[in-house]
Every structure is written in structure tokens, then in C-alpha cells.
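>>> Sequence plus the predicted model coming up.
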Amino acid sequence: MKELIVMKFGGTSVADPEKIQRAADRAIAKRKAGHPVVVVVSAPGEMTDELIALARRVAPEPDSRELDMLMATGEQVGISLFAIACRARGVPAVSLTGPQAGILADEAHTKARIVEIKPRKVHEELARGNIVTVAGFQGLNPHRDIATLGRGGSDLTAVALAAALKAGHCEIYTDVHGVYTADPRVVPEARLIERISYDEMLELAGAGAQVMQARSIEVAKKFGVPIRVAHAFDVHSKGTWITGEVSSMEEAVVTGVALDRNQVKVTIRDVPDKPGMAAEIFVAMGKADVNVDMIIQSAAHGSVNDISFTVHKDDHANAVKALAQVQKRLKTGPIEHNVNVSKVSVVGVGMRSHSGVAGKMFKNLADNRVNIEMIATSEIKISCVVDRTDGDRALRCLHKVFGLDKKP
Ligand code: ADP
Ligand code: ASP
Ligand code: MG
């Protein structure tokens with residue numbers, strides 16, 4: 001028997017009956033070539049968004065346990081239709097929910113982490129000769145409730161299953177040919193990247209490159225799972241390999257650029273300038289399960305500072321609630337919320353050994369009349385918060401100035 005392969009089909013790749021049949025044909029071809037095949041399937045099309053919108057029509061802030069129960073149904077539609085398509089073609093297949101597949105998650109509803117996978121039933125069904133389709137994006141939490149794994153979480157299911165089942169690699173099938181130097185929908189000149197390191201992909205994903213969920217890359221790196229991202233329906237698609245550090249003679253300094261439109265900028269005015277204030281604020285954010293991204297504190301004016309930070313828009317309502325308490329307790333000034341921002345980032349391992357990237361980035365934004373509101377850096381990434389209306393233009397300019405439109 002050849003090595004086991006985990007294939008994942010995203011929402012757009014199973015958006016209608018014809019696509020489900022074509023995706024099933026790809027899985028069947030792998031099975032016929034002698035590989036045991038596990039297929040992770042997402043909710044068809046925009047189903048997850050539609051389910052969330054439906055819940056919000058019933059209650060503006062739906063209970064998170066029940067929202068998880070609702071959202072998880074989308075993936076069940078995907079896996080069952082996929083298995084139905086395989087069986088109709090005479091190929092044995094069986095669908096399993098996340099809990100049936102032994103995917104155990106923690107308690108954080110709507111953004112749970114996978115704690116462990118006990119894939120006994122997956123092995124049993126494979127041994128019976130089945131193609132096993134597993135619902136992405138869901139697991140069973142310690143209270144035996146269904147929990148979902150954060151938006152884009154089917155990528156995480158696929159990579160974690162590949163690790164648990166000791167698959168040769170994990171194949172992510174989507175609606176583009178792989179990972180590009182920028183979102184090809186925003187930057188038409190973007191080029192396909194043949195091979196990219198986990199670290200760079202992790203930073204790009206965290207910076208808004210939606211093609212892979214960031215947490216799935218963390219898991220791939222931890223367990224050394226090679227990932228191939230390719231087009232779902234173009235069998236000639238070369239795709240992109242995401243693997244450990246890629247060495248080449250001459251590294252490009254910048255590998256890719258990304259845009260994140262999901263950030264909200266929060267500014268707390270007149271925070272007393274004394275020890276412990278920042279701790280109070282960010283401990284409160286942590287307790288409210290709010291992930292904070294960029295943070296800046298202005299120089300003290302008088303005996304107070306302004307503190308600004310960004311949060312994901314899905315965490316914003318929780319942040320607002322928690323901050324109302326903080327404001328009372330610390331007696332700060334007013335709190336401002338700016339939803340009209342975007343974050344642009346440039347990423348590349350070459351930054352470790354090259355200086356001048358920040359200067360070039362800021363100069364290019366200035367030359368294009370883009371105002372920078374916040375800056376943050378990591379070893380291999382520089383991010384700027386800019387006005388929402390400047391986001392797409394900033395991304396295109398940066399793509400050009402770092403020569404990403406040209407063959408390396
Ligand atoms: P799926 O439904 O298959 O999970 P997603 O919508 O989550 O697909 O991810 C694919 C989309 O990611 C593409 O359609 C593309 O617009 C977007 N994207 C953003 N940045 C990049 C990038 N650097 N390379 C490729 N695609 C990107
Ligand atoms: N259906 C889920 C989402 O839309 C998970 C996924 O597609 O990866 O976020
Ligand atoms: Mg996705």
C-alpha cells in the first residue's frame with residue numbers, strides 16, 4: 001500500500017453539485033493509484049457566512065455554544081455530499097464528523113484549539129477500503145460539546161489529521177493555483193511561489209493571506225507536515241510546497257505582501273502614566289478572549305498617555321464590553337474605535353540578513369500618499385496600519401517596489 005494522503009477541499013471547491021463530483025473524482029483517482037485517502041471537506045460555498053448571518057437575525061450576539069452547533073452543520077453538508085458522490089461512482093466512502101473522527105478540542109467556542117486526535121474510527125474505515133471524508137473546522141470539547149476551530153479552520157483539521165495519521169503530506173485544494181506573492185484578486189501581477197517556508201507562510205497568513213489558516217501552519221511546522229496548496233480542478237496546477245526552511249543561493253529579501261481588512265483600531269485616551277496600567281488593559285483583553293495584534297503607546301503628555309492597539313473585528317464586541325470596565329476602573333479618557341483601517345505587511349526571511357526594508361517600505365507608502373497610523377515588526381515581517389481606502393493601493397505599490405512582479 002502506498003502512503004496515506006490527506007486532501008482538503010475548501011468551500012469554493014465544493015460550492016455546487018458539479019464541483020463536488022469533480023472533487024470526488026480527484027480523490028477517487030488518488031485512491032485508485034493505491035493511496036489510502038482521507039478527505040477533509042469544508043462547508044459548501046458561503047454556507048458558514050450564511051449560517052452566522054441567520055443566527056444574527058435571531059439574536060444580534062448569538063450564544064457561542066449554539067453558534068458552534070449551527071456553524072458545524074455546514075461541514076456536515078460537505079462531507080455527506082462528498083461521500084454520496086464517491087459511492088454513486090461505485091467507490092466505497094464514508095463520512096465522519098469531527099467528533100466521530102476523534103478530533104478533541106479545547107473549550108474556546110468559535111476558536112477552539114485541537115488538543116488531541118484519537119483517529120481509531122478513521123483507521124477502521126480506511127481498513128475497510130473506504131475513502132474517509134472528515135468534517136473540517138470542528139471537534140469535541142471536554143464537555144462533549146461541538147466546538148469550531150476558528151474561521152478557515154478546515155485547514156487546521158487537515159494538517160492535524162495528516163500529522164496524527166502520519167500521512168506523507170497534506171494537500172490543500174482551493175480556488176487559486178497556490179500561494180502567491182500577494183492576493184491575486186487584489187494584485188493581478190502576483191506570482192505563484194513554488195516553495196515557501198513555514199515561518200514565512202505563518203507570517204503571511206497572520207498578516208491576512210487567507211489562503212491558509214495561520215494556526216494550521218503552526219501545527220504543520222511543529223509536526224513537520226509538508227503541505228501542497230494547489231488548484232482544486234486544474235490537474236496541471238504545479239501548486240506551492242510549504243515546508244521547512246528553503247535554502248537558495250540568493251534569497252529574495254521580501255517573499256510576499258499581505259493585506260488584512262479585519263482589524264479594528266482601538267485608542268484609549270488619557271491613561272494615567274504609572275506602572276501597571278498597560279498590564280490592567282491587556283490582562284482584561286486576555287480574560288475576554290480578545291487577541292490583540294499591534295500595540296503603541298504615545299509619549300506621556302502631562303501625567304497621561306494614549307494607548308492604541310488593534311483587535312480582530314470578530315473580537316471587537318468583546319473588547320468593547322471589557323474596555324468599559326477598564327475605563328471605569330482606571331479612570332481613563334474616552335475610548336475611540338476606528339473600523340476603517342487595514343493592515344499591510346511585507347514578509348521575508350531575507351530580512352534577517354538585509355537592512356533597509358523598513359525604510360524602503362515607509363518611503364514607498366509616503367511617495368504614494370499613504371499615511372501610516374501604526375507600525376509593528378517581527379524578525380521577518382513589517383506591518384503598517386493604514387486607512388481602509390488606501391489598503392489595496394498600498395498593497396499594489398509595495399508589491400511593485402520590492403520587485404515581486406518580476407521573476408526572481
Ligand atoms: P478555501 O475556501 O479553499 O479555503 P479561501 O477563500 O480560504 O479558500 O482561500 C483562498 C483565497 O485566498 C484565494 O481566493 C485568494 O483570493 C486569497 N488569498 C489571499 N492571499 C493570498 C495569497 N498570497 N496567495 C493565494 N491566495 C491568496
Ligand atoms: N467553513 C469554515 C469557514 O468558512 C471553515 C473553512 O472553510 O475552513 O471558516
Ligand atoms: Mg480557507
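Done, it's in. Ligands and ions are numbered 1, 2, ... in the order given.

>>> Ser342 versus the residue of the stretch 1-150 of the chain found nearest ligand 3, what's the distance?
Taking C-beta to the ion as the measure, the stretch 1-150 of the chain has Gly10 as its residue closest to ligand 3, at 4.8 Å. Using the backbone N, CA and C atoms, a C-beta is placed for each residue, glycine as well. Taking C-beta to C-beta, to the nearest Å as the measure, Gly10 falls 23 Å from Ser342.

>>> who has more neighbours, the two?
Gly10 (25 against 21; other C-beta atoms under 10 Å).

>>> That one against Tyr173, yeah?
Yes: in this structure Gly10 lies within contact range of Tyr173 using C-beta atoms under 8 Å: 6.8 Å.

>>> between those two, what contacts are shared?
Both Gly10 and Tyr173 are contacted by Ala232, under the criterion C-beta atoms under 8 Å, 6 or more residues apart in numbering.

>>> Contact residues of the chain facing ligand 3?
Proximity of the chain to ligand 3 (C-beta under 5 Å from the ion) is limited to residues 10, 152.

>>> please redo it, this time with the cut-off set to 6 Å
By the rule C-beta under 6 Å from the ion, the part of the chain lying against ligand 3 is 10, 152, 155.

>>> Please report how far the first one lies from Ser80.
If you measure Gly10 against Ser80 using C-beta to C-beta, the figure is 17 Å.

>>> Kindly report the same for the second one.
Gly152 sits 21 Å away from Ser80, going by C-beta to C-beta.

>>> got a list of what Leu156 touches?
Counting by C-beta under 8 Å, 6+ apart, Leu156 touches 114, 136-137, 149-150, 213, 215-216, 219.

>>> quick one: which of those residues sit in helices?
215-216, 219 (DSSP state H).

>>> Give me the buried entries from the residues you listed.
The neighbour-count test (16 or more other C-beta atoms under 10 Å) marks 215-216, 219 as buried among the ones in helices among the contacts of Leu156.

>>> In terms of distance to ligand 3, which of these ranks first?
For these, the minimum distance to ligand 3 (C-beta to the ion) is 9.2 Å, reached by Ser216.

>>> May I ask you to confirm that the closest one is in contact with Val159?
Yes: between Ser216 and Val159 a contact is recorded at 4.4 Å, counting by C-beta under 8 Å.

>>> Kindly provide the distance from the closest residue to Asp405 other than its chain neighbours to Asp175.
Spatial nearest neighbour of Asp405, chain neighbours left out: Glu189 (4.0 Å); criterion: C-beta to C-beta, 6 or more residues apart in numbering. If you measure Glu189 against Asp175 using C-beta to C-beta, the figure is 19 Å.
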